[in-house]
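[1] Quick one, what's the 3D model for this:
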Amino acid sequence: MNSKIRTTHLERRAVVYLRQSTPNQIELHRESTERQYALADRALNLGWDKSQISVLDSDLGKSGQTTTGREDFHKLMAAVGLGEVGAVLALEASRFSRSQADWHKLLDICALTDTLVIDHDGIYDPNDFNDRVILGFKGTWSHTELHGMRLRLQGAKLNKAKKGELRCSPPTGYVYDPEGKLVLDPDEGVVAAIKLVFQKFHALGTAFKVMRYFCINQIPFPRRRWRPGHIGTLYWGPANLSRITAILRNPTYTGTYVYGRRRSLNVIENGQITKVKTQLLPQDEWKVVIHDAHEPYISWSEYLSNCEQLRRNNTGYISDGCQRTPREGFALLQGLVICGKCGRRMSPRYHGDGGKRVAYECTQARKQDGSVGVCWSVAGAAIDTAVEAHVLEALTLEQLNISLAVLRELEHQAHEADKTWQLRLERAHYEADRAFRQYDATEPENRLVARTLEKRWNEKLQQLTELEEAYNRAHQVERLELTLTQRQQILQLANDIPTIWHASSTTHQERKEMLGLLVKQVAITPIDAPKRSTRIQILWHTGAISELIATRPTTTEKYRTPNQVIQLIEELVPGRTDAEIALELNRRGLLNTTGQPFTRKGVAWLRWKYGLDKPLSAPMVAKSGISPEGYYSTSALASKLGVSIYTIHYWREKGIIQGFQEKDKSPWWYIVTPEVLETLREKIRRVPVKSE
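    Next up, the predicted model:
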């Protein structure tokens, strides 16, 4: 027995620690694993009883660069620290750790608890100076060896990548041909799906809208898996946001070979490396960029534009001169307005119930003490109104071109949607025919196989039938083809832009999108003398600049009803009730001074204040619930539509239909035109039926 092994060591356990870096090494380098397990026999020969020998092998297949996820290593450190271990055995120093910090930490604890370190070369006492030097050298040499291996491997990879020959898993839409070159996927459905992603992002502007388009239209999304056992296997499933974003950010789709776009960083928590995260590098730090290396889906300039659009879509991204994607909210100039005093971007601030009162605020001004303060702010109602009127006036000159552009875009979308359907149908036909050929080739006597293939054939035929039915429904609902009547309706509708702009069905986000197609930026500057007002400078996409002046209301004027509203009420008074007048004002998108819709009481007060004529009285109540003027009561309207009265009340509260009362707690009456009835029936038809 070796003189370094004393009775105090034999009275404690001998722990054999096993580790290999990857699962492939365990499978392919079995001799190394066998040698590590053989260390238990060596401990037995050195004098330890078999019951005192423990083997820790749960760290097989785990890297030694970090202690994260290496449970057995932590168990070993804890047992050594508690003085329960007389010797630790490993094939070599690198088995314990490839990190010098972890290796020396283990040596320090072994020295404190008088624990021996044993490898295939010898027995070492960490408290002996010479042994400590040798162990330290072995740990350093292990780290140096790892560094040299990394340099050789990474250098070879980089050299191959500079020639564009380093093969990685290709993104969806590409495959390698027999010569090792990257080519478009041979499946036309895969290529069409990838092209549709770029087309829809160009049209819709956000990755989320692209994903929603695929999901709403039930368009399956392709993916090829390159893992062992599934190499090159094509799968179809629903689109998700991460995959859409990854495609838009991948420069491979431009025909460019790129290497070194990412780097790995260690995340340290509580003094330990807990995980390794991947960080995207800026474009100027990419190691290899080879343009025109293979066939592209989009150009390099389109790729850069897509990346910039994704940055603008990020709500936390701020960049002067960049227009963001329109979002919900009443601020018409959201993402467009900049400060005329300092040139920084102004952001909208919403006030009041539901955020109906808008103010534009510049908060980027720095004070002398270095803190950020408010440069200036202004109420947005007058500015939005002035810009809206000016833009609608300018649109009348270009309505024909807009009509034709809208028509061309709708026809293009219909063509692309129909093309996607045709590819899906073609794939379904192929799978059904293939299932039939497999069934037909089976011997009739082999019923065990024939029954399975027959069942598979029936399933494919059922899927084909369901897809054809869905295609026929899409022709009716999604308008995959535009009829002559529809073309004329589109031209007529697009020829009246103000009607579309003021329509109740047009959302604030859609108005902002329409405005963003024409206007690049809007700069506003305060004017304090001779009268408080705001200079508005509109920069059009054509490069032209328009200048407007909008009066900034004082505190008193903010709550004064505009003259145009008073004049409109005076025009509407003859032949209408207060409730009808309020209904018409709300239909035109007007709000009272507090940012709320007009009510019957509010209209009555304005009439009294400005001395306007008295309107008609409330409609006479009929037994049928329908007045002679054509007004419907709540129960009559619910009976006509076949819904409950609670649905009618819900629609009124949400502003879907308009109702009025002659006085508080009196019955509700509704003005229902044929167009409103058709809209309500369409909402009822769209309600999904729950299956029992």
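
[2] Find the helix or strand that residue 26 is a member of.
    helix 23-28 (DSSP states H and E).

[3] Flag every buried residue along the helix or strand just after that helix.
    Using DSSP H and E, the helix or strand that follows helix 23-28 towards the C-terminus is helix 30-37. Buried positions in helix 30-37, judged by neighbour count with 16 or more other C-beta atoms under 10 Å: 33, 36. Every residue, glycine included, has its C-beta placed from N, CA and C.

[4] Same check on stretch 210-229?
    Residues 210-214, 219-224 are the ones in stretch 210-229 that count as buried (16+ other C-beta under 10 Å).

[5] Save these as TSV, and put in secondary structure too.
    Output for the buried residues of stretch 210-229, formatted as TSV (DSSP: H, G, I helix; E, B strand; the rest coil):
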residue	secondary structure
210	helix
211	helix
212	helix
213	helix
214	helix
219	coil
220	coil
221	strand
222	strand
223	strand
224	strand
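
[6] can you name the two of those residues that are farthest apart?
    Farthest pair in the buried residues of stretch 210-229 (C-beta to C-beta) is 212 and 224. Separation: 24.0 Å.

[7] before we move on, back to that, which of the buried residues of stretch 210-229 lies closest to residue 151?
    Closest approach between the buried residues of stretch 210-229 and residue 151, by C-beta to C-beta: residue 224, at 33.2 Å.

[8] contacting residues for the closest one?
    Going by C-beta atoms under 8 Å, 6 or more residues apart in numbering, residue 224 touches 170, 172, 175, 185, 190, 232-235.

[9] what does residue 549 give?
    By C-beta under 8 Å, 6+ apart, the neighbours of residue 549 are 527, 533-536.

[10] From the residues you listed, which land in helices?
    Nothing among the contacts of residue 549 maps onto helices, per DSSP state H.

[11] any idea which of those residues is closest to residue 308?
    Residue 308 has its nearest neighbour among those in residue 536, at 26.7 Å by C-beta to C-beta.

[12] Now do stretch 230-246: distance to the chain's middle.
    Put simply, stretch 230-246 sits 15 Å off its chain's centre (C-alpha atoms, centre = their mean, to the nearest Å).

[13] I misspoke; the intended subject was stretch 591-600.
    Distance, centroid of stretch 591-600 to centroid of chain: 37 Å (C-alpha atoms, centre = their mean).

[14] Span of it from start to end?
    The first and final residues of stretch 591-600 sit 13 Å from each other (C-alpha to C-alpha, to the nearest Å).

[15] ok, now stretch 78-92?
    Across stretch 78-92, the terminal residues are separated by 20 Å (C-alpha to C-alpha).

[16] Not counting it itself, show me its contacts.
    The contact list for stretch 78-92 (C-beta under 8 Å, 6+ apart) reads 5, 8-19, 32, 35-36, 39-40, 42-43, 46, 48, 76, 96, 106, 109-110, 112-113, 115-120, 123, 138, 142.

[17] Okay, and which of those residues map to strands?
    Of the positions in those, 13-17, 116-118, 123 sit in strands, assigned by DSSP state E.

[18] pLDDT, neighbour count and distance to residue 156 added to those residues, as a markdown table?
    Below are those laid out as a markdown table (pLDDT from 0 to 100; neighbours: other C-beta atoms under 10 Å; distance: C-beta to C-beta, whole Å):
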| residue | pLDDT | neighbour count | distance to residue 156 |
| --- | --- | --- | --- |
| 13 | 90 | 21 | 44 |
| 14 | 91 | 28 | 41 |
| 15 | 90 | 26 | 38 |
| 16 | 90 | 24 | 35 |
| 17 | 88 | 23 | 32 |
| 116 | 90 | 24 | 40 |
| 117 | 89 | 24 | 35 |
| 118 | 87 | 21 | 36 |
| 123 | 88 | 17 | 39 |
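
[19] can I get the residues you listed in CSV with distance to residue 657?
    Converted to CSV, the ones in strands among the contacts of stretch 78-92 look like this (distance: C-beta to C-beta, whole Å):
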residue, distance to residue 657
13, 81
14, 84
15, 78
16, 79
17, 76
116, 87
117, 83
118, 86
123, 90
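
[20] So residue 539 lies in a strand, does it not?
    Yes: applying three-state DSSP, one finds residue 539 inside a strand.

[21] what's the closest non-adjacent residue to it?
    Nearest residue to residue 539, sequence neighbours excluded (C-beta to C-beta, 6 or more residues apart in numbering): residue 521, at 4.4 Å.

[22] Report the strands that pair with the host helix or strand of that neighbour, each with its relative direction.
    For residue 521, the host element (DSSP H and E) is strand 519-527. Strand pairing for strand 519-527, determined by DSSP bridges: strand 337-339 (parallel), strand 533-540 (antiparallel).

[23] Please work out which of these is packed deepest.
    With neighbours taken as mean count of other C-beta atoms under 10 Å, the strands paired with strand 519-527 reach their highest mean count in strand 337-339, at a mean of 24.

[24] ok, residues contacting that strand?
    For strand 337-339, the surrounding residues in contact (C-beta under 8 Å, 6+ apart) are 320-321, 344-346, 360, 362, 364, 375-376, 383, 521-525.

[25] For the residues you listed, which entry has the maximal number of neighbours?
    residue 346 (28 neighbours; other C-beta atoms under 10 Å).

[26] got a list of what that residue touches?
    Counted by C-beta under 8 Å, 6+ apart, residue 346 has contacts 337-339, 360-362, 524.

[27] So which of those residues is the closest to residue 425?
    Nearest to residue 425 among these, with distances taken as C-beta to C-beta, is residue 337, at 48.3 Å.

[28] circling back: in a markdown table: the contacts of residue 224, plus secondary structure and pLDDT.
    Listed next are the contacts of residue 224 as a markdown table, based on DSSP: H, G, I helix; E, B strand; the rest coil; pLDDT from 0 to 100:
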| residue | secondary structure | pLDDT |
| --- | --- | --- |
| 170 | coil | 89 |
| 172 | coil | 90 |
| 175 | strand | 89 |
| 185 | coil | 88 |
| 190 | helix | 88 |
| 232 | coil | 77 |
| 233 | strand | 83 |
| 234 | strand | 85 |
| 235 | strand | 85 |
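
[29] Buried residues of stretch 232-239, list them for me.
    Residues of stretch 232-239 classed as buried by neighbour count (16+ other C-beta under 10 Å): residue 239.

[30] start the count at 15, not 1, going forward
    With 15 as the first residue, the last one maps to stretch 246-253.

[31] hang on, the earlier thing: just give me the closest of the ones in strands among the contacts of stretch 92-106 to residue 174.
    Using C-beta to C-beta, residue 31 is the member of the ones in strands among the contacts of stretch 92-106 that sits closest to residue 174, with 36.3 Å.

[32] Confirm for me that the closest one is in contact with residue 108.
    No: in this structure residue 31 lies outside contact range of residue 108 using C-beta atoms under 8 Å: 11.5 Å.

[33] where do the contact lists of these two overlap?
    Counting by C-beta under 8 Å, 6+ apart, residue 31 and residue 108 have no shared contacts at all.

[34] before we move on, the earlier item: what's in contact with the strand holding residue 535?
    Contact partners of strand 533-541, identified using C-beta under 8 Å, 6+ apart, comprise 335, 337, 347, 350-355, 360, 374, 390, 392, 397, 401, 405, 546-555, 563, 566.

[35] if we can go back for a sec, dump the strands paired with strand 533-541 to TSV, plus distance to residue 578 and mean pLDDT.
    Putting the strands paired with strand 533-541 into TSV (distance: least, C-beta to C-beta, whole Å; pLDDT from 0 to 100) gives the following:
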stretch	distance to residue 578	mean pLDDT
strand 351-353	24	87
strand 547-554	18	86
